[in-house]
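Student: need coordinates for the below:
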Amino acid sequence: MKTEYRHKGGRCKFNIQKHSILLMVLGALFFIGCSNDSNTVDETPKAVDKTANLKAAGESANDILSNDNFDKLLVEIAYVKDFRPKADAITDFEAFLKEYTFKENIEVMYNELPSPEKDSLSLNEIADLEKENRTAYNDGKTLAIYIYFADAPSESDDEDEDLVTLGAVYRNTSMVIHESTVKKLAKQSFLISEADIEAATLNHEFGHLFGLVDLGTTPVNEHEDPDAENHCNEENCLMRAELQFGAGMKKMLTSRVSKGLSSAPGLDPECILDLQTNGGR
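Tutor: Residues are numbered from 1 along each chain as shown. Below is the predicted model of the structure:
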């Protein structure tokens with residue numbers, strides 16, 4: 001529609017239709033600009049909440065065993081170059097987790113790290129290294145585990161007495177495997193391999209993260225070794241204290257292999273019963 005306005009000096013024509021369309025276009029552009037400004041994504045990285053992974057060993061036993069709060073397990077394996085665990089050991093380890101927990105969704109990720117260049121490591125030093133290098137933490141329905149394969153032995157080792165530590169847990173989702181000690185021990189026997197010792201050590205230490213024995217999972221019946229705190233007194237159980245130390249590990253695994261048994265023992269009925277009462281299979 002056209003509307004004419006007259007004024008002195010002549011006639012001025014004003015096209016309302018074209019003017020309206022122009023206003024609509026300008027209004028739309030203004031709206032889009034305002035919308036983009038108001039919906040700008042904050043790209044500032046959010047701080048990771050690490051508190052759930054900084055508890056005492058055994059405190060996350062139920063979360064590891066059951067699917068009530070977490071239905072996925074993310075295992076971060078940090079290792080010094082040339083000290084990565086054998087693939088066969090990790091395969092056995094995953095089978096162990098699926099045998100005793102309800103976690104079917106298990107992901108293993110690897111993180112190669114430089115050597116700390118230490119002659120030995122204390123648990124405090126290992127915890128400091130984790131603080132610097134760990135990347136996986138609990139997130140939503142995913143529970144994260146950190147395992148460090150070290151190129152240095154434990155500072156508490158006494159090789160003269162044949163007392164060497166193969167692994168240890170030090171938090172609810174953290175453990176260390178002294179891979180340099182594992183390699184040295186494997187060279188002392190032609191019956192057991194590095195993978196055998198790695199799998200047995202991983203499973204044993206993870207038994208402690210399950211809360212065994214009496215480390216977060218209350219025993220149904222008393223079966224803690226009075227001479228070895230948080231270890232089992234039942235024969236041929238994965239949670240026997242000797243499986244944490246070099247001489248005992250070599251003796252037990254060698255004995256089992258020589259009898260035609262699998263190198264690493266499983267959990268005894270008492271430990272299994274404990275796990276079942278705390279959410280495990």
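Student: what's the neighbour count on the closest residue to Asn67 other than its chain neighbours?
Tutor: For Asn67, ignoring the flanking residues on the chain, the nearest one in space by Cβ to Cβ, 6 or more residues apart in numbering is Phe102 at 4.8 Å. Every residue, glycine included, has its C-beta placed from N, CA and C. Counted with other Cβ atoms under 10 Å, residues neighbouring Phe102 total 14.
Student: so what pLDDT did Phe102 get?
Tutor: On pLDDT, Phe102 comes in at 98.
Student: are we agreed that it is in a helix?
Tutor: No. Phe102 sits outside any helix when classified using DSSP: H, G, I helix; E, B strand; the rest coil, being coil.
Student: I'd say it and Asn62 touch.
Tutor: No. Counting by Cβ atoms under 8 Å, Phe102 sits too far from Asn62 to count as a contact (10.9 Å).
Student: shared neighbours, the two?
Tutor: Residues touching both Phe102 and Asn62 (Cβ atoms under 8 Å, 6 or more residues apart in numbering): Gly279.
Student: for the residue nearest the centre of the chain, give me the backbone phi and psi.
Tutor: The centroid of the chain falls nearest to Ile145 when counting by Cα atoms, centre = their mean (1.3 Å). Backbone geometry at Ile145, expressed as degrees, to the nearest 10, gives phi -120, psi 140.
Student: what's opposite it in the beta bridge?
Tutor: Val75 (DSSP bridges).
Student: residues near Phe83, how many?
Tutor: 20.
Student: can I assume it sits in a strand?
Tutor: No. Under the criterion used here (three-state DSSP), Phe83 is coil, not part of a strand.
Student: mind listing what the residue nearest to Asn67 touches?
Tutor: Neighbours of Phe102 in contact, by Cβ under 8 Å, 6+ apart: Leu65, Ser66, Asn67, Gly279, Gly280, Arg281.
Student: for PyMOL, write the select line for the buried members of those.
Tutor: Command for PyMOL that selects the buried part of the contacts of Phe102, burial taken from 16 or more other Cβ atoms under 10 Å:
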select buried, resi 65+66+67+279+280
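Student: tabulate the contacts of Phe102 (a markdown table), appending distance to Asn236, pLDDT and secondary structure.
Tutor: Formatted as a markdown table, the contacts of Phe102 follow (distance: Cβ to Cβ, whole Å; pLDDT from 0 to 100; DSSP: H, G, I helix; E, B strand; the rest coil):
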| residue | distance to Asn236 | pLDDT | secondary structure |
| --- | --- | --- | --- |
| Leu65 | 22 | 98 | helix |
| Ser66 | 27 | 98 | coil |
| Asn67 | 30 | 98 | coil |
| Gly279 | 25 | 98 | coil |
| Gly280 | 20 | 98 | coil |
| Arg281 | 20 | 95 | coil |
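Student: where in the chain is pLDDT low?
Tutor: 1-46 (pLDDT under 70).
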